[in-house]
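[1] Predicted model and sequence below, questions to follow.
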Amino acid sequence: MPKKTKKPADGGSGVDLLDKDDIKSKNVPPKKYKVIFHNDDFTPMDFVAAILIAVFNMPPLSAWEITMDVHEKGRGIAEAGLSKEIAETKTEKVVSTARAAGYPLLATFEPE
């Protein structure tokens, strides 16, 4: 009786095909980022609140609460849960608007 030979996984084409069961599918959600305002001794608090309202569509009371965090704690989170691209865009908008108005307000973004 002839010996049975095992067929190669590639169907004879010379290329190894991966067994789908051997591949572990990892659906890793993208990182989320937060935009942070940093305190300085020159940017008026009213300006910080106005930026939060204009750039982050924040209600005035929330904007003022974050402004107070920046003033009292040295930094405040303007917004969280953003994609990297949106966090970067909003950070650039804050900084460019502050520079155009003559203020050194610093905003940065970092992973949550």
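    Arrived safely.
[2] for residue 78, what are its contacts?
    Shown in contact with residue 78 (Cβ atoms under 8 Å, 6 or more residues apart in numbering): 34-37, 52, 55-56, 58, 66, 90, 94, 107. All C-beta atoms are positioned from the backbone trio N, CA, C, and that covers glycine.
[3] Go through these and flag which are in strands.
    Counting by DSSP state E, the members of the contacts of residue 78 that fall within strands are 34-37, 107.
[4] tell me which strands and helices the strand or helix carrying residue 46 is in contact with?
    Element membership of residue 46, judged by DSSP states H and E, is helix 45-56. Contacts defined by 3 or more Cβ pairs under 8 Å, 6 or more residues apart in numbering; DSSP states H and E place helix 45-56 against strand 33-38, helix 60-73, strand 75-82, helix 84-100.
[5] Counting by contacts, list what the first one packs against.
    This means strand 33-38. helix 45-56, helix 60-73, strand 75-82, helix 84-100, strand 106-111.
[6] Can you give me the buried ones in it?
    33-37 (16 or more other Cβ atoms under 10 Å).
[7] ok, what's across the strand from the most centrally placed residue in the chain?
    Per Cα atoms, centre = their mean, the C-alpha nearest to the average position across the chain is that of residue 33, at 2.6 Å. On the basis of DSSP bridges, residue 33 is bridged to residue 82, residue 111.
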